[in-house]
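S.K.: No sequence on hand, only this structure:
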């Protein structure tokens, strides 16, 4: 049973008891007299209703929208006679569970039921709550009434400041200041009819028929039309998710890429969920203006340039559809110009998510390299080390790991035996040059910072007779962090601790290479799951041993991943000082598009060792 199915006034039942224990409901207490209560009294001027848990009777409102699908059906009502307090919302959702409500948009109704606070994902998820009326009954007094005007979301109504600072504590008890903070503005509009006009798309349509727009068209836009996230201080307050309440047969949901636009007016009640925060549940959708975003192609490396790429191929296994292998292969050949070396992330074992003792990935890598050759690319060889079963995180049973592909016609791999899943690779000084105890080898695999996370893989390559050390990485995810729109502000980033430890371990290893040979050519690449302005990247580059190449890009181009409408950096390529004038490119072929072969954009650097 879903959490939403557990909501409602608390009767003496086991279901209600479990809902209370899970923090999904606020227990009811005394009743509130119907004649005294309007919607703004229910909503109050903070995030928690002053009437939470109480019975209300004959609350007046006009039906503005109906959700007639899923297990969280119901309808929104809005008061036609608002008060003058901008902090109090004039609308509320009436929850009817899996039952389609027998009302029509434009009905004037009197609603009775229990006021409750619903936390999407459960109270422990740390998100905002939704004030609702559940176990509701209602009477229709008249039909065909005009709907209240929408509140227009635009740069003059959405503050740039995102949220009040509570020192990491909850902001639920704070009085809303909708003219000062964006989260307060959205909360003050909870359930109310809102609209955006000519809204730029900053997050492409997902398989769940949702997209993100911005109500601030000129605020921190990327070079290709997204919303740039480049500091914790500014999470782009104008971002709003858009879903549709319209029947798909009547109005198909727009299939949009970043940089497109919903022209005209998109309007509907302002909802909230745990998959994107504040959401415009559209009763009217603007028309899609396709601005023709194209997938990028990088240039081919010159004969004296070594090209090294990183690509998160997103849970790739032999069970993955052949079409994805073909698209990945085409991207590597045609968009990335067949890099000499590719650091891959999220390569799964040979039977994917089947949770058994299989850890080998030869079948996965053969299927990928065969697809690359079929696409006209080189006959790549590969190197990798099988992990210990179920020790590296990711999809249960998948045993994701990092791996190297390399083109033996352009670069050779220096095989040094001894590398396995548990033996740490060490640096050896040989005649004033740096060497490895094993190649490929894993960096410090017993270190606790790699618990349930991928261990870095280092390989020694030779290009035109010169050694090049490449470290492939996939740091731990942001799972467990509080979201940007959390009720705790600023949100806690608990996963950051492990990543900073991982960054320190790789930084230490690179320093050992450079101690053995200050002119060593070192490239660190991969999905580091963190931003260029994060503590983890500060620790990885500490001492100036590595340069994070994304920081050399023009600001509007510093992104390769789009999450909830924010264009951001998670993947990185870093180089040592010996690699002068690296030519770096984030190749945008996935993250901005509704049709993706991975959710990450690959990156490539061309260097002359």
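M.R.: Right, received. Where do you want to start? Keep in mind the model is a prediction, meaning the values are calculated, not measured.
S.K.: mind checking pLDDT for the residue nearest to residue 435 when sequence neighbours are not counted?
M.R.: Nearest residue to residue 435, sequence neighbours excluded (CB to CB, 6 or more residues apart in numbering): residue 428, at 4.5 Å. The way it works is simple: take the backbone N, C-alpha and C, and place the C-beta from them, glycine included. According to the prediction, residue 428 has pLDDT 96.
S.K.: Count the neighbours of residue 428 for me.
M.R.: 14 (other CB atoms under 10 Å).
S.K.: wait, what's in contact with it?
M.R.: 434-437, 516 (CB atoms under 8 Å, 6 or more residues apart in numbering).
S.K.: swap the cut-off to 7 Å and go again
M.R.: 435-437 (CB atoms under 7 Å, 6 or more residues apart in numbering).
S.K.: so residue 372 touches residue 332, yeah?
M.R.: Yes: applying CB atoms under 7 Å, one finds residue 372 in contact with residue 332, separated by 5.8 Å.
S.K.: what about those two, which has more around it?
M.R.: Higher neighbour count among residue 372 and residue 332: residue 332, with 28 against 25, using other CB under 10 Å.
S.K.: Show the backbone phi and psi for that one.
M.R.: Dihedral pair for residue 332: phi -70, psi -40, per degrees, to the nearest 10.
S.K.: Check the gap between residue 414 and residue 469 for me.
M.R.: 10 Å (CB to CB, to the nearest Å).
S.K.: Counting neighbours, go ahead and name the busier of the two.
M.R.: Neighbour tally, residue 414 and residue 469, criterion other CB under 10 Å: the higher count belongs to residue 469, 25 against 15.
S.K.: wait, isn't the more buried one in contact with residue 525?
M.R.: No: look at residue 469 against residue 525 with CB under 7 Å: they stay out of range, at 11.3 Å.
S.K.: Mind listing the shared neighbours of those two?
M.R.: With contacts taken as CB under 7 Å, 6+ apart, residue 469 and residue 525 have no neighbour in common.
S.K.: all strands for the stretch 51-200 of the chain, in order.
M.R.: Ranges of strands in the stretch 51-200 of the chain, per DSSP state E, counting those that start in this stretch, are 55-67, 73-78, 91-97, 108-118, 130-142, 151-152, 193-203.
S.K.: could the ones you listed go into CSV alongside distance to residue 579, mean pLDDT and mean neighbour count?
M.R.: Shown next, in CSV, are those (distance: least, CB to CB, whole Å; pLDDT from 0 to 100; neighbours: other CB atoms under 10 Å):
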stretch, distance to residue 579, mean pLDDT, mean neighbour count
strand 55-67, 55, 98, 21
strand 73-78, 58, 98, 24
strand 91-97, 56, 97, 25
strand 108-118, 53, 98, 22
strand 130-142, 52, 98, 19
strand 151-152, 51, 98, 16
strand 193-203, 34, 98, 25
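S.K.: Including distance to residue 534, could those go into TSV?
M.R.: Output for these, formatted as TSV (distance: least, CB to CB, whole Å):
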stretch	distance to residue 534
strand 55-67	38
strand 73-78	39
strand 91-97	37
strand 108-118	33
strand 130-142	31
strand 151-152	35
strand 193-203	21
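S.K.: Between those strands, which one is closest to residue 407.
M.R.: With CB to CB, the closest approach to residue 407 among those belongs to strand 193-203: 35.3 Å.
S.K.: which strands and helices sit next to that closest one?
M.R.: Judged by 3 or more CB pairs under 7 Å, 6 or more residues apart in numbering; DSSP states H and E, strand 193-203 is in contact with strand 151-152, strand 211-214, strand 261-273.
S.K.: from these, which stretch is densest packed?
M.R.: strand 211-214 (a mean of 28; mean count of other CB atoms under 10 Å).
S.K.: quick one: contacts of that one?
M.R.: Applying CB under 7 Å, 6+ apart, the contact partners of strand 211-214 are 196, 199-205, 227, 236, 238-242, 256, 262, 564-565.
S.K.: What of stretch 397-406?
M.R.: If you take CB under 7 Å, 6+ apart as the criterion, stretch 397-406 is touched by 315, 317, 340-349, 352-355, 359, 361, 365, 369, 380-384, 387, 389, 392, 394, 413, 440, 454, 457, 459, 461, 470, 472-474, 526.
S.K.: same deal with stretch 373-387?
M.R.: 329-330, 332-333, 338, 359-361, 365, 369, 372, 399, 401, 403-409, 413, 419-421, 440, 442, 457, 459.
S.K.: Give me the mean pLDDT for it.
M.R.: Along stretch 373-387, the predicted confidence averages to a pLDDT of 98.
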